[in-house]
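Participant: whatever this is, show me its structure:
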Amino acid sequence: MRRWKRFAHAALVISIIAPAHAQVTTAEHDNDHIVEAERAFARSLSNAFQAAAKEIDPSVVHVRSIEDREITRRDWFGRPFQDRILRSGMGSGVVISNDGFVLTNNHVIEDATKVLVKLADGRELEAGVVGRDSLRDLAVLRVQASGLEPARFADSSEAEVGQWVLAVGSPFGFERTVTAGIISAKGRSLEMPSSDSSGYDEYIQTDAAINPGNSGGPLIDLDGRVLGINTAIFSRTGGSVGLGFAIPADLARAVYQRIISGGSAGVGYLGVRMRALTPEQAALLGVPGGVEVVAVEDHSPALQAGLQQGDVVVNFRGHDVLKPDDLVNAIQFTPPGVEAPVRLIRDERPRVIQVQVGDLVQAEAQKSGGQYIELLGIAVVDASDEFDGLQVVGVSPDGPAARAGIQADDVLTSFNDLALDEPEDLDRAIARSAGRVADVQLIRGRLRGRTNIRW
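Facilitator: Model (predicted):
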């Protein structure tokens, strides 16, 4: 009897333990399934990153800029002496056509006297600068090479916050580096526009690591398509802190098309100061958004067309205007001279007026009392008493002067050895020039240099 009781007790213990063991085994089995599912998801994301990186890799280039020029400095006693600047910079770029066009940032090649492009297959070739847009910080290069694979571009207007993206380029010179992150924000402003002469872009913000050397490289989606051109970071240390900014692909392509279309298309100008409608104002007018005109500049296309303070612009040349950057971009990408319809609300009533778009650089010349030299795409005024020459007050972003590296605030002292004292001197110097190239001497800051300008 006791033996049975012992057996029965053992059986009871077993019967109690066995179900508990079965539960533990089932839990571990379920956990294994969860872990494996998570691994499968991670592998699928990893595979997507790999496929996107492989897709864009043949189209990404390393850009090296070299500045080698003679300048005139002055010693402590004010005596001039010749010196030489020799420095280099680096960045990235993306092949945009199979006939050699490469898109990069303007600041990557801004002061370069020579630009070298290293392709994915290791070839390093000297590139010509086709055109530059300093306002949008974009430049188009061209290399003579075969076997190029242009990148595919996405519609950046369809990009979504939270979407996975990859940044590709040469951070700190480490070529073909790929980093991953998400789109953190869209339409990010680094400078809030208050007038249509503001330089402005609706940046895509990302937390993908972007560092010096990434500039000009592509920001891509998981299909390997270009969503933007990496151009800026916000950092207190100089390195990535997860705040990177890319020029949207749609804007970059528009600049590219304008540059390769030939010559200087100019930058559109209307002549208004503006501010965004508040949600309450928009609701009162029954519109989703708009831009209120707070001032109209004298002698401007806006004034001539009859735009008034208090007008609310809701559409410009077929482009809906919800906020100031919408209007800035629409105006600046309209070629000067084009008649553009402007839909607005005045005294709570809708109306349409026609405005002939002006040229931004020419307007800057008029404001400063200077002269616009259309052939060179440059606006100049008499320099200050400190220097003899002509001070540059505006440069068309894709004109001959911009391609020669001339910048606003430079002082031009001679043109093909002809001294420049007043704007009319530059007109005369151009007329006397043999051919369509000139040697220009200039002062930038406290340094003297020279460049060749072709038109």
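Participant: how near is the residue nearest to His107 when sequence neighbours are not counted to Gln371?
Facilitator: Counting by C-beta to C-beta, 6 or more residues apart in numbering, Asp137 is the residue found nearest to His107 once chain neighbours are left out, at 5.8 Å. For the C-beta atoms, the positions are set from N, CA and C on the backbone; glycine is no exception. Separation of Asp137 from Gln371 (C-beta to C-beta, to the nearest Å) stands at 27 Å.
Participant: next up, the contacts around Arg317.
Facilitator: 330, 334, 338, 340-342 (C-beta atoms under 8 Å, 6 or more residues apart in numbering).
Participant: for Ala383, same thing?
Facilitator: If you count contacts by C-beta under 8 Å, 6+ apart, Ala383 has them with 389-391, 411.
Participant: tell me the bridge partners for the nearest residue to Lys114 once chain neighbours are set aside.
Facilitator: Leaving aside its sequence neighbours, Lys114 sits nearest to Ile66 (C-beta to C-beta, 6+ apart; 4.3 Å). Applying DSSP bridges to Ile66 gives these bridge partners: Ser88, Lys114.
Participant: how far away is Ile66 from Glu126?
Facilitator: 10 Å.
Participant: give me the common contacts of the two.
Facilitator: What both Ile66 and Glu126 touch, as defined by C-beta under 8 Å, 6+ apart, is the set 114-116.
Participant: and Ser334, how close does it get to Arg132?
Facilitator: Not quite, residue 334 is Thr, not Ser. The value you get for Thr334 to Arg132, if C-beta to C-beta is used, is 20 Å.
Participant: between those two, point out the one with more neighbours.
Facilitator: Taking neighbours as other C-beta atoms under 10 Å, Thr334 and Arg132 compare with Arg132 leading, 29 against 23.
Participant: what ranges do the helices span in the chain?
Facilitator: Ranges of helices in the chain, per DSSP state H, are 2-56, 106-109, 249-260, 279-285, 301-305, 324-332, 360-367, 400-403, 423-432.
Participant: could those go into TSV alongside mean neighbour count?
Facilitator: Below are the helices of the chain laid out as TSV (neighbours: other C-beta atoms under 10 Å):
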stretch	mean neighbour count
helix 2-56	11
helix 106-109	23
helix 249-260	20
helix 279-285	12
helix 301-305	19
helix 324-332	24
helix 360-367	22
helix 400-403	26
helix 423-432	15
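Participant: weakest of those helices by average pLDDT?
Facilitator: Mean pLDDT is lowest for helix 2-56 among the helices of the chain, at a mean of 67.
Participant: ok so, going back, tally of neighbours for the residue nearest to His107?
Facilitator: When neighbours are counted by other C-beta under 10 Å, Asp137 comes out with 23.
Participant: and the contacts of stretch 291-305?
Facilitator: 195, 269-277, 281, 307-313, 321, 323-324, 326-327, 342, 353-358, 363, 366.
Participant: any idea which of the shared contacts of Ile66 and Glu126 is least confident?
Facilitator: Minimum pLDDT across the shared contacts of Ile66 and Glu126 falls on Lys114, with 93.
Participant: distance of that one from Gly238?
Facilitator: Counting by C-beta to C-beta - Lys114 and Gly238 are separated by 26 Å.
Participant: quick one, what contacts the residue nearest to His107?
Facilitator: Neighbouring residues of Asp137 by C-beta under 8 Å, 6+ apart: 105-107, 201, 231, 247.
Participant: my read: Asn214 touches Ser92, true?
Facilitator: Yes. Using C-beta atoms under 8 Å, Asn214 makes contact with Ser92 at a distance of 5.9 Å.
Participant: so what sits against both of those two?
Facilitator: Joint contacts of Asn214 and Ser92 (C-beta under 8 Å, 6+ apart) are 169-170, 230.
Participant: could I get these as a markdown table with pLDDT?
Facilitator: Formatted as a markdown table, those follow (pLDDT from 0 to 100):
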| residue | pLDDT |
| --- | --- |
| Gly169 | 96 |
| Ser170 | 95 |
| Asn230 | 96 |
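Participant: out of the residues you listed, which are buried?
Facilitator: 169-170, 230 (16 or more other C-beta atoms under 10 Å).
Participant: who touches Val165 in this structure?
Facilitator: By C-beta under 8 Å, 6+ apart, the contact list for Val165 reads 180-183, 206, 208, 219-221, 227.
Participant: of all the helices of the chain, which one is nearest Ile96?
Facilitator: Closest to Ile96 of those is helix 249-260 (C-beta to C-beta; 6.2 Å).
Participant: which helices and strands does the closest one pack with?
Facilitator: strand 101-104, strand 124-133, strand 138-142, strand 226-233 (3 or more C-beta pairs under 8 Å, 6 or more residues apart in numbering; DSSP states H and E).
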